[in-house]
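>>> Quick one: sequence plus predicted model below, questions after.
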Amino acid sequence: MKSYIDLIQQTFEFPTMEFHVNEDNELLFNNVPLMDIIEEHGTPLKLNYLPKIGEHIENARMFFRNSIKRFNYKGNYTYCYCTKSSHFSFILEEALKHNIHLETSSSFDVPIIRELYRRGKISKSTFILANGFKRPLYTQYLSELINEGFNAIPILDNLKEIEAYENSTTAESVSFGIRIATDEEPNFAFYTSRLGIRYNDVNQLYKEKIESNPRFKLKMLHFFINSGIKDSAYYWSELTRFMFKYCEMQKMCPDLDSIDIGGGLPIQTSLQAGFDYQQMIDEIIENIQWICNKNNVPVPHIFTEFGSYTVGESGAVIYKVIDKKLQNDKELWYMIDGSFITQLPDSWGMNQKYIMLPINNWDNPYQKVNLGGLTCDSQDFYNSEMHSSDLYMPIIGDDETQYIGFFHTGAYQESLGGYGGIQHCLIPAPKHVLVDRDPEGQITTRVFANEQDSESMLRILGFRDESYVQPLPPADDDDNETSTEDKNGKSKNGVSEAIAPSKPKPAKKTEETELAGAKN
């Protein structure tokens with residue numbers, strides 16, 4: 001019978017730049033031996049391979065640089081990171097090593113901006129593109145940034161928003177953007193996006209609220225569609241419509257010199273041939289330039305706000321098969337030591353597919369299986385892939401251990417899953433490990449967070465006095481032994497020594513978070 005590696009090599013071009021199998025029939029991810037990570041930290045395990053973040057940023061810059069040179073495009077390109085994709089400090093600090101700028105969507109983004117500035121990770125010249133439907137706390141925070149000299153640009157999302165800045169800003173010059181409300185895809189529930197200002201209202205907003213104020217300037221138009229950047233009639237139609245609006249506005253507003261074409265650059269969700277990024281960006285640049293030339297308007301500077309593209313392919317989640325269950329003659333379940341609903345919520349909520357591969361036993365024969373999660377919910381399963389309606393895994397004996405990896409999971413899953421909080425069936429957040437390389441290229445790992453423990457949940461649920469603070473684990477190598485499984489996969493005490501969240505503060509009687517925007 002053919003082995004699992006035979007199946008993969010017959011289905012895809014394998015090995016790839018990211019994935020290959022060593023002589024022990026174990027998977028390597030970006031040349032990182034995953035079994036070594038598992039033996040040290042146990043499962044379930046989330047990890048981020050940090051060098052992938054910078055690699056993607058520099059690749060995108062290269063694609064735009066190539067296109068700008070090819071078409072002799074006179075505008076500049078600026079790379080922004082969409083913070084809502086992943087707010088973790090290690091993600092932001094890694095991305096900021098590459099001289100990027102930031103896009104926000106919540107009032108609670110602003111304290112993060114201030115902390116990054118305090119740490120010297122950004123300067124006041126860093127672009128802060130502030131998207132989202134803004135409640136008073138958000139506009140207040142943005143006004144304070146502007147007054148202090150930060151390069152913050154509120155992207156107006158509704159007609160009344162600009163009124164919040166008329167009295168709260170004191171800077172001599174305040175730059176604004178306007179988000180245009182695009183039409184949705186033909187099969188969507190609504191015709192026009194709820195986000196942004198409709199085309200017919202843009203001119204009036206500019207005339208009445210921006211042009212009439214000597215301190216205000218319209219510098220940018222913003223465009224984003226939920227499908228992301230895709231070679232489809234829908235995408236090109238919306239981009240063309242947007243660019244004609246830019247040309248119309250630029251003729252009446254000389255200060256307008258930039259566009260933000262949003263995010264949505266796709267990432268790989270299968271081992272099948274990847275996306276031709278260079279060709280797509282060539283076509284975007286060519287279309288923008290053609291429309292501007294046709295209207296005798298200078299081409300704009302181009303901003304993007306890539307989120308999933310920046311961090312998605314850095315992430316992975318690793319599980320152990322803890323049981324096999326044959327529920328009838330045909331349906332075999334591999335039960336994992338985690339939950340898809342709580343740890344990969346997009347796989348449940350929007351049927352998102354990821355690259356899914358076994359970590360070991362690649363020389364074993366294979367069979368069709370279903371993967372089952374730990375919760376009691378019937379929807380906690382994963383049973384198909386992007387390229388196939390079936391899912392195959394190595395056949396394992398009773399004395400064999402199987403590990404499974406889900407890859408390119410680095411965007412949105414922690415925030416959607418409610419990281420550090422209460423999860424369905426009280427499934428704990430898994431241990432989180434950061435993988436990096438030192439200046440000599442050697443692999444390094446460090447624990448960002450141990451597996452969530454029961455005490456942190458008891459406090460959140462009100463079963464513990466607020467004075468309770470979970471003690472920190474030891475700062476030495478013993479941290480690596482706090483997983484619920486040891487190196488041999490045996491269960492430990494069942495309660496990990498996770499780092500609990502800090503003591504909660506009393507809730508303020510002000511606005512909480514204003515979330516906005518589709519995934520970028």
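Structure received.
>>> Check whether P15 sits in a helix, strand or coil.
Counting by DSSP: H, G, I helix; E, B strand; the rest coil, the backbone at P15 sits in coil.
>>> For it, the count of nearby residues, please.
15 (other C-beta atoms under 10 Å). Every C-beta, even on glycine, is put in place using the N, C-alpha and C of the backbone.
>>> what's the nearest residue to it if we skip its chain neighbours?
V21 (6.9 Å; C-beta to C-beta, 6 or more residues apart in numbering).
>>> if we look at the sheet, which residues does the one you found bridge to?
Beta bridges link V21 to L27 when assigned by DSSP bridges.
>>> ok, it touching S3?
No - V21 lies out of contact with S3 (C-beta atoms under 8 Å); the separation is 10.5 Å.
>>> So for those two, which sits in the more crowded spot?
Shown here are V21 and S3; by other C-beta under 10 Å, V21 has more neighbours (21 against 17).
>>> who touches both of V21 and S3?
Residues within reach of V21 and of S3 at once, by C-beta atoms under 8 Å, 6 or more residues apart in numbering, are W362.
>>> and the residue nearest to I113 when sequence neighbours are not counted, how many neighbours?
In this structure, I113 finds its nearest non-sequential neighbour in I128, 6.1 Å apart by C-beta to C-beta, 6+ apart. Residues lying near I128 (other C-beta under 10 Å) number 23.
>>> ok now do the residue nearest to P15, which residues does it touch?
Residues in contact with V21 (C-beta under 8 Å, 6+ apart) are I5, P15, L27, L28, W362.
>>> Please verify my assumption that the first one contacts N361.
No - judged on C-beta under 8 Å, I5 makes no contact with N361 at a distance of 9.8 Å.
>>> Mutual contacts of the two, please.
Contacts common to I5 and N361, judged by C-beta under 8 Å, 6+ apart, are N25.
>>> between the two, who's got more neighbours?
Higher neighbour count among I5 and N361: N361, with 23 against 19, using other C-beta under 10 Å.
>>> I'd guessed the more buried one sits against D24; true?
No - judged on C-beta under 8 Å, N361 makes no contact with D24 at a distance of 10.1 Å.
>>> nearest residue to N22 other than its sequence neighbours?
Nearest non-adjacent residue to N22, counting by C-beta to C-beta, 6+ apart: L28, 6.1 Å away.
>>> Check F12 too.
F12 sits nearest to L271 (C-beta to C-beta, 6+ apart), 4.2 Å away.
>>> OK, contacts around that neighbour?
I8, T11, F12, E13, F14, T16, F19, I355, H387.
>>> Restricted to buried residues, select those in PyMOL.
Of these, the buried ones can be selected in PyMOL as follows, counting by 16 or more other C-beta atoms under 10 Å:
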select buried, resi 8+19+355
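>>> right, and out of the contacts of L271, which lies closest to P136?
Of all the contacts of L271, P136 sits closest to I355, with 42.9 Å by C-beta to C-beta.
>>> check contacts around I267.
By C-beta under 8 Å, 6+ apart, the neighbours of I267 are S308, Y309, G312, E313, H408, A411.
>>> So which of the residues you listed is the closest to P298?
Of all the contacts of I267, P298 sits closest to Y309, with 27.9 Å by C-beta to C-beta.
>>> so how far is S85 from the closest one?
Distance, Y309 to S85, by C-beta to C-beta, to the nearest Å: 9 Å.
>>> Which one of these two is surrounded by more residues?
For the pair Y309 and S85, the greater number of neighbours falls to Y309 (27 against 24), based on other C-beta under 10 Å.
>>> Which pLDDT value belongs to that one?
Note for Y309: predicted pLDDT of 96.
>>> The one 5 residues further on too?
According to the per-residue confidence, S314 scores 98 in pLDDT.
>>> Contacts only, for it.
Contacts of S314 by C-beta under 8 Å, 6+ apart are N48, Y49, L50, K52, I53, I91, G410.
>>> make it 6 Å
N48, Y49, K52, I53, G410 (C-beta atoms under 6 Å, 6 or more residues apart in numbering).
>>> Identify the residue nearest it in space, chain neighbours excluded?
Per C-beta to C-beta, 6+ apart, closest to S314 is K52, 4.0 Å.
>>> what does R215 give?
V174 is the one closest to R215 (C-beta to C-beta, 6+ apart), at 5.7 Å.
>>> Roughly how far does the one you found sit from A164?
According to C-beta to C-beta, V174 stands 11 Å off from A164.
>>> Next up, identify which helix or strand W290 is on.
helix 277-294 (DSSP states H and E).
>>> Just list what that helix packs against, helices and strands only.
helix 51-70 (3 or more C-beta pairs under 6 Å, 6 or more residues apart in numbering; DSSP states H and E).
>>> Identify each buried residue in the helix it packs on, please.
P51, K52, I53, G54, H56, I57, A60, R61, F63, F64, S67, I68.
>>> okay, the residue nearest to F12: pLDDT?
93.
>>> Quick check: the gap between it and Y319.
Taking C-beta to C-beta, one finds L271 at 19 Å from Y319.
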